[in-house]
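Asks: can't give you the sequence, but here's the structure:
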């Protein structure tokens with residue numbers, strides 16, 4: 001109804017505005033700088049110098065003001081994203097992003113396409129190995145190109161072309177990041193509200209939207225207020241979701257010890273022989289592993305990157321692969337193939353059958369898992385926008401850092417506002433389907449760039465140098481996934497490609513021809529940049 005939607009819209013806007021105000025209030029309350037002082041820098045010149053790599057401490061002087069015996073300008077000139085990610089934080093970020101709601105709710109796509117329990121387990125293992133190949137390649141990329149930004153950075157640094165890198169940041173900024181956050185937040189809302197709506201198939205959509213909005217606005221506040229707090233939240237919720245999966249695994253092991261192995265007899269019976277069906281099963285399995293590249297979006301903030309990044313990548317993927325395989329095996333101790341395919345939420349069916357009065361643990365665990373996954377998405381992908389702005393490929397305020405909290409506050413708030421818009425759409429899942437091929441295209445291009453870099457710059461320091469066969473195999477597999485997407489869903493891929501290509505005129509108008517803008521547009525841009533800087537009490541990052 002109109003009144004319901006009106007109340008809902010007011011709630012979303014109030015939540016968003018309140019979060020933004022709290023962000024600015026907290027950041028301003030801890031650093032007494034007046035707005036005119038923040039604005040004293042010539043922003044246009046400052047960003048031009050950043051883009052051209054000519055920044056120095058004197059450029060960052062903010063009106064020459066003194067504070068606590070030192071120049072405010074010196075403090076502002078040294079505002080950078082701090083290295084506050086430990087090895088454990090890196091593992092928590094990857095595991096938290098990969099293990100979302102899928103393994104709890106619908107690990108059925110692989111089974112449906114493969115046709116048998118035995119073949120489905122092999123495909124789950126293959127998907128883990130495939131993801132391991134990718135994360136090893138990203139370990140070399142992240143230790144040889146020590147810059148945050150993920151695919152955007154790797155495409156730009158290896159091939160040297162601005163347009164493809166801009167399109168990567170454009171896709172992440174406008175579509176992939178906000179839609180992923182919204183979908184996971186809606187799942188969180190569904191499971192956190194379900195106990196209060198036992199007579200309904202699912203809670204009212206309006207209420208789910210409101211709770212989803214609360215989820216990502218609260219987590220935006222946490223990420224803007226403190227990087228350390230955000231990483232602790234990620235670690236806590238990673239432990240929570242792994243604990244829930246451990247309950248499932250241990251229960252499954254107990255059932256196997258009791259002799260409940262009937263579903264594993266003749267486990268390959270009914271296996272498909274269709275290459276297309278096997279390929280689709282692999283695609284479904286790989287979808288469950290998405291997010292393994294998230295740590296490479298925040299490389300600059302990791303302590304001792306050249307040691308911790310490779311270890312975190314490999315250890316996290318081993319954890320995820322083992323947990324996934326053992327969880328799927330545990331599910332089959334309680335359900336037949338037909339029962340699993342018919343279940344709307346596999347983990348909840350498992351809990352109802354084997355956990356008795358403790359079956360409430362799984363819905364709560366799904367909600368906690370989603371909450372942690374949203375936090376990881378917000379933390380990691382905001383850095384893509386930050387780095388693209390720092391390079392001059394997005395509006396400059398995306399590259400600002402709060403002067404006290406050392407967080408990319410403008411990028412975080414803008415992403416939150418986009419999510420508030422996206423959460424109102426009913427068919428948001430379709431956007432993810434449209435861009436699935438683009439994700440694998442960007443990942444494959446990044447690893448192909450690594451191969452290209454081996455020949456273009458053989459003397460580049462590489463703390464890790466993997467055998468060339470690994471990236472070659474991975475690129476071939478990524479190519480196969482892109483071709484498969486084009487073959488199986490040409491319409492979805494066509495829509496996705498058209499939306500990606502919309503970024504081409506945006507690039508030429510807003511980036512390539514920026515110096516040819518009319519004077520009044522430059523003035524508007526400067527005014528808005530100063531406004532965002534005052535609102536978030538932020539300055540551009542110092543670059544050497």
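Replies: Structure's in. What do you need? It should be emphasised that the depicted structure is a prediction, and the values quoted were computed from it without experimental measurement.
Asks: What is the neighbour count of residue 195?
Replies: Residue 195 is flanked by 11 other residues according to other C-beta atoms under 10 Å. Every residue, glycine included, has its C-beta placed from N, CA and C.
Asks: Confirm it sits in a helix?
Replies: Yes. Secondary structure of residue 195, determined by DSSP: H, G, I helix; E, B strand; the rest coil: located in a helix.
Asks: Quick check: which element contains the closest residue to it other than its chain neighbours?
Replies: Spatial nearest neighbour of residue 195, chain neighbours left out: residue 363 (7.1 Å); criterion: C-beta to C-beta, 6 or more residues apart in numbering. When secondary structure is defined by DSSP states H and E, residue 363 falls within helix 361-390.
Asks: Tell me the helix or strand right after that helix.
Replies: strand 400-402.
Asks: Correct me if wrong: residue 359 contacts residue 345.
Replies: No. Using C-beta atoms under 8 Å as the test, residue 359 is too far from residue 345 to be in contact (11.5 Å).
Asks: Just want to know which of these two has more residues nearby.
Replies: With other C-beta under 10 Å as the criterion, residue 359 and residue 345 differ in neighbour count, and residue 345 comes out ahead with 19 against 16.
Asks: Can you pull the phi and psi angles for residue 268?
Replies: phi -100, psi 10 (degrees, to the nearest 10).
Asks: How far away from the center of its chain is stretch 399-418?
Replies: Going by C-alpha atoms, centre = their mean, to the nearest Å, the spacing between the C-alpha centre of stretch 399-418 and its chain's C-alpha centre is 16 Å.
Asks: Let me see the mean pLDDT of that stretch.
Replies: Confidence over stretch 399-418 (mean pLDDT, whole number) is 89.
Asks: Any buried residues in it, and which?
Replies: Taking 16 or more other C-beta atoms under 10 Å as the basis for neighbour counts, the residues of stretch 399-418 that come out buried are 399-418.
Asks: which residue is nearest the middle of the chain?
Replies: residue 377 (3.4 Å; C-alpha atoms, centre = their mean).
Asks: shouldn't it be in contact with residue 98?
Replies: No. Shown here, residue 377 and residue 98 do not form a contact pair, counting by C-beta under 8 Å, at 11.3 Å.
Asks: Can you verify residue 96 is assigned to a helix?
Replies: Yes. Residue state for residue 96 (three-state DSSP) corresponds to a helix.
Asks: Can you give me the neighbour number for residue 260?
Replies: A count of nearby residues for residue 260, using other C-beta under 10 Å, gives 15.
Asks: any idea how far residue 104 is from residue 332?
Replies: Distance, residue 104 to residue 332, using C-beta to C-beta, to the nearest Å: 15 Å.
Asks: and what of residue 312?
Replies: 31 Å.
Asks: coming back round to it: among residue 104 and residue 332, which residue is more densely surrounded?
Replies: Neighbours were tallied for residue 104 and for residue 332 using other C-beta under 10 Å; the higher tally belongs to residue 104 (28 against 25).
Asks: and the gap between that one and residue 364?
Replies: From residue 104 over to residue 364 (counting by C-beta to C-beta), the distance is 11 Å.
Asks: and if you look at residue 285?
Replies: Applying C-beta to C-beta, one obtains 26 Å for the distance of residue 285 from residue 364.
Asks: Tell me which of these two has more neighbours.
Replies: residue 285 (25 against 15).
Asks: In this structure the more buried one contacts residue 129, no?
Replies: No. If you go by C-beta under 8 Å, residue 285 and residue 129 don't touch, sitting 10.5 Å apart.
Asks: low-confidence ranges in this protein?
Replies: 1-78, 106, 201, 426-433, 542-544 (pLDDT under 70).
Asks: For it, just list every one of the strands.
Replies: Under the criterion DSSP state E, strands of the chain are mapped to 66-67, 70-71, 400-402, 538-540.
Asks: Go ahead and confirm residue 355 touches residue 363.
Replies: No. The criterion here is C-beta under 8 Å, and residue 355 misses it with residue 363 at 11.2 Å.
Asks: so who does the closest residue to residue 441 other than its chain neighbours touch?
Replies: With C-beta to C-beta, 6+ apart as the measure, residue 482 is the residue that lies nearest to residue 441, at 5.3 Å, once sequence neighbours are left out. Contact analysis of residue 482 by C-beta atoms under 8 Å, 6 or more residues apart in numbering lists 437, 440, 441, 444.
Asks: Going by residue numbers, what spans are helices in the stretch 51-200 of the chain?
Replies: Listed from the start of the chain, the stretch 51-200 of the chain has helices (DSSP state H, counting those that start in this stretch) covering 72-77, 87-98, 102-105, 109-114, 117-144, 151-159, 162-171, 177-193.
Asks: These into CSV, with extra columns for distance to residue 466?
Replies: As requested, these are exported to CSV (distance: least, C-beta to C-beta, whole Å):
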stretch, distance to residue 466
helix 72-77, 38
helix 87-98, 18
helix 102-105, 28
helix 109-114, 28
helix 117-144, 5
helix 151-159, 15
helix 162-171, 23
helix 177-193, 29
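Asks: Go through those and name the closest to residue 256.
Replies: Between residue 256 and the helices of the stretch 51-200 of the chain, the tightest spacing by C-beta to C-beta is seen for helix 117-144, at 13.6 Å.
Asks: Please enumerate the helices of the stretch 251-400 of the chain.
Replies: Remark: helices of the stretch 251-400 of the chain, listed N- to C-terminal, are 275-288, 305-332, 337-342, 346-354, 361-390; assignment by DSSP H, counting those that start in this stretch.
Asks: right, so the ones you listed: which one is the most enclosed?
Replies: For the helices of the stretch 251-400 of the chain, average neighbour numbers computed from mean count of other C-beta atoms under 10 Å are highest in helix 361-390, which has a mean of 26.
Asks: Now do that helix against helix 162-171, angle only.
Replies: With axes from the mean of the first three to the mean of the last three C-alpha atoms, to 10 degrees applied, the angle from helix 361-390 to helix 162-171 works out at 150 degrees.
Asks: Tell me what angle helix 361-390 forms with helix 346-354.
Replies: Regarding helix 361-390 and helix 346-354, their directions subtend 160 degrees when assessed with the same axes, to 10 degrees.
Asks: by how many degrees do helix 361-390 and helix 87-98 diverge?
Replies: Note on geometry: by the same axes, to 10 degrees, helix 361-390 and helix 87-98 are set 110 degrees apart in direction.
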